[in-house]
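**Student:** Dropping a prediction and its sequence here:
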Amino acid sequence: ANMTCVEALVDARGRGRALGAFNVYTLEGALAVARGAAAARRAAIVQLHPAALDHGGPALLAACRRLADAAEVPLFVALDHCEDPGRIYPHLEAVDHVMADGSRFDVGENERWTAAVAARARAAGVSVEAELGRLAGEEDGLSVDERDARMTDPAIVAAFLARTRVDALAVTVGNVHGAYASRDPDLDWARLDAVRAAAGDVPLVLHGASGLSQRVISRAISAGVCKFNVNTELRAAARAAYAEGGDVLAAAERATSAMAGVVEAKLLAFDAGS
Ligand code: G3H
Ligand code: 13P
Ligand code: ZN
Ligand code: NA
């Protein structure tokens, strides 16, 4: 692409839009993001959680890179929820963006840890997303219960961003990984506004976008969110497709189409600020 991932986020925000970032685990998932983005004619991000790298290794990452480089829309490759720098540094050549997730630490340690990872990534030309607060819900291989979940504190945002020099900030404002307890979950809009005011131009990221209504998506875009992470809805689509059975190639193709449909629909939903 002739734009960096962060430039694409800022560009989307300027048009009242957001980019979708989609978690994939297999080649079918990666193909689905490329197909869905092409069908929607929108920029997108294909991202791998460390659990996906455990499965597919550098070969899966290379497939994502190759699909991104061949795409006619801007398609970026990211690493999601990395808690171990050892899972980031070997891959810096292959990715555009990485989420360095220090949210398990207290604020001071999150800041020190994130600043160190960010410096190394920046030197390789890779943008970094940090998280302040901690999301509840299921992340692959890691379950964070309500007790350990925390909302982002707007009062610490400006200093954290200045000291870590990260490129994007994931916020915790009532969003959760996985399904929401209510059908039309709401967010803490006052908190999001305060975080935006403190974050200045730094792009805000909303994890846990599966299960959010168009109303909430649009309002979040208007409040400054320009990257939405989607995992659960893609997995559900693939699971349903595989459950229909059939031979390997037919099932894989059905799963790919189902995931591509989710990607396309989400990218169009992320078009509309309110
Ligand atoms: O033609 C469409 C572009 O790929 C749209 O990308 O969502 O960054 O404006 P955008
Ligand atoms: P969902 O599982 O709710 O889609 O969240 C995805 C996510 O935040 C990945 O980082
Ligand atoms: Zn997440
Ligand atoms: Na969710």
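**Tutor:** Received the coordinates, thanks. Quick caveat, the model's predicted, so the values are computed rather than measured. Ligands and ions are numbered 1, 2, ... in the order given.
**Student:** hey, let's count contacts and neighbours off CA atoms from now on
**Tutor:** OK.
**Student:** Give me the contact list for stretch 151-162.
**Tutor:** The contact list for stretch 151-162 (Cα atoms under 8 Å, 6 or more residues apart in numbering) reads 111, 132-135, 171-174, 191, 194-195, 198-199.
**Student:** Out of the residues you listed, which two sit at the greatest distance?
**Tutor:** Spatial extent of the contacts of stretch 151-162 (Cα to Cα) is set by the pair Glu111 and Gly174 at 22.1 Å.
**Student:** Tell me where the model's unsure across the stretch 1-150 of the chain.
**Tutor:** Scanning the stretch 1-150 of the chain for pLDDT under 70 picks out 1, 138-149.
**Student:** Would you mind listing what in it touches ligand 1?
**Tutor:** Applying Cα under 6 Å from any ligand atom, we find that the stretch 1-150 of the chain lies next to ligand 1 at Ala8, Ala12, Arg41, Arg42, Ala43, Val73.
**Student:** So how do I select the buried members of these in PyMOL?
**Tutor:** Buried residues within these, by 16 or more other Cα atoms under 10 Å, are selected in PyMOL with:
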select buried, resi 8+12+42+43+73
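**Student:** Could you list which of the residues of the stretch 1-150 of the chain next to ligand 1 belong to strands?
**Tutor:** Among those, no member is found in strands (DSSP state E).
**Student:** quick one on the thing from earlier: so which of the contacts of stretch 151-162 sit within helices?
**Tutor:** Judged by DSSP state H, those include Glu111, Arg191, Ala194, Val195, Ala198, Ala199 as members of helices.
**Student:** I'd like those residues as TSV, with neighbour count appended.
**Tutor:** Converted to TSV, the ones in helices among the contacts of stretch 151-162 look like this (neighbours: other Cα atoms under 10 Å):
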residue	neighbour count
Glu111	22
Arg191	18
Ala194	16
Val195	25
Ala198	17
Ala199	22
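**Student:** Closest one to ligand 1 out of the residues you listed, please.
**Tutor:** Ala199 (21.8 Å; Cα to the nearest ligand atom).
**Student:** Nearest residue to the closest one in space, please, no chain neighbours.
**Tutor:** Distances taken as Cα to Cα, 6 or more residues apart in numbering place Ala158 nearest to Ala199, at 5.8 Å, with adjacent residues excluded.
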